[in-house]
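Enquirer: show me the folded form of this:
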Amino acid sequence: MAEKQPAGDKKPTVDPNLCIGCGLCVQTCPDVFQLSDDDGKSFVKDGSACSKCNCQQAIDDCPAHAISWAEK
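Expert: Below you'll find the model as predicted:
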């Protein structure tokens, strides 16, 4: 099972140039990710909410590989 958040001070980030707006990350971590009303792409609405879901699963499952960990 994947860990929920990596060790250290990291938060998830979405590359809007890679995101295809499929919404899988929102389904996996609705407290963290949201789809934009403007372009339909995902963005991080609350990176500190990874403790409530499995952000690593959202990263692993993203078909466009648009989500990664970034330094806070």
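Enquirer: any stretches of the protein with poor pLDDT?
Expert: In the predicted model of the chain, residues 1-8 satisfy pLDDT under 70.
Enquirer: name all residues that make contact with the nearest residue to H65 once chain neighbours are set aside.
Expert: For H65, ignoring the flanking residues on the chain, the nearest one in space by CB to CB, 6 or more residues apart in numbering is L18 at 6.4 Å. Glycine gets a C-beta too; all of them are placed from N, C-alpha and C. The neighbourhood of L18, defined by CB atoms under 8 Å, 6 or more residues apart in numbering, consists of 64-66.
Enquirer: same check on K11?
Expert: 44, 47-48, 50, 69-70, 72 are the contacts of K11 under CB under 8 Å, 6+ apart.
Enquirer: same check on I59?
Expert: 12, 67-69.
Enquirer: how near is it to D31?
Expert: Distance check for I59 against D31: by CB to CB, to the nearest Å, it reads 15 Å.
Enquirer: equivalent analysis for C25, please.
Expert: 11 Å.
Enquirer: which residues in the chain form strands?
Expert: Ranges of strands in the chain, per DSSP state E, are 10-14, 33-35, 42-44, 67-71.
Enquirer: parallel or antiparallel, list what pairs with the first one.
Expert: Strand 10-14 sits in its sheet next to strand 67-71 (antiparallel), going by DSSP bridges.
Enquirer: what's the closest non-adjacent residue to V44?
Expert: P12 (5.5 Å).
Enquirer: surely that neighbour meets S48?
Expert: No: at 10.2 Å, P12 does not count as touching S48 under the criterion of CB atoms under 8 Å.
Enquirer: those two: which has the busier surroundings?
Expert: Neighbours per residue, other CB atoms under 10 Å: of P12 and S48, the larger number sits with P12, 24 against 12.
Enquirer: report the contact partners of the more buried one.
Expert: P12 touches 32-33, 44, 47, 50, 55, 58-59, 67-70, counting by CB under 8 Å, 6+ apart.
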